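Asker: The following block contains a protein sequence and its predicted model.
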Amino acid sequence: MKKVFGYIFLVIGIFISLGLLSSLPKSLKEIFGKSQTGIANDTAYIAGFICGILFLAVIAFLLIRFGLKWISRKPVIREVDDIGRK
């Protein structure tokens, strides 16, 4: 069951990452366009925009990390002597 959730997390994380990468040019244009005005509302907008991007990036990172962790095989230890070798 963990492998199924691992694959689901991996797919969702990849989609979120691709969405963030595809919106990167628009995001940079939005940030640098608003940052030159110097109005307080624009500064708050930029801060919220950056927080939103970072939030989605962290979620995508964690989904991909847990997905890969749950998909990977664990080494099977058959004897006590094999513990340090793997």
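Answerer: Nice, I can see it.

Asker: alpha carbons only for contacts and neighbour counts from here, please
Answerer: OK.

Asker: now for the lowest-mean-pLDDT helix or strand in the chain, which elements pack on it?
Answerer: One helix or strand of the chain scores below all others by mean pLDDT, DSSP states H and E: helix 24-35, with a mean of 82. Judged by 3 or more Cα pairs under 8 Å, 6 or more residues apart in numbering; DSSP states H and E, helix 24-35 is in contact with helix 40-71.

Asker: What is the helix it packs on packed up against?
Answerer: So helix 40-71, by 3+ Cα pairs under 8 Å, 6+ apart, packs with helix 2-22, helix 24-35.

Asker: Pull the number of nearby residues for Ile16.
Answerer: Close neighbours of Ile16, defined as other Cα atoms under 10 Å, add up to 19.

Asker: no wait, Leu62
Answerer: Residues near Leu62, counting by other Cα under 10 Å: 15.

Asker: got a list of what it touches?
Answerer: Residues in contact with Leu62 (Cα atoms under 8 Å, 6 or more residues apart in numbering) are Gly13.

Asker: Please apply the same query to Leu68.
Answerer: By Cα under 8 Å, 6+ apart, the contact list for Leu68 reads Gly6, Tyr7, Leu10.

Asker: can I get those residues in a markdown table with pLDDT?
Answerer: Converted to a markdown table, the contacts of Leu68 look like this (pLDDT from 0 to 100):
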| residue | pLDDT |
| --- | --- |
| Gly6 | 93 |
| Tyr7 | 94 |
| Leu10 | 95 |
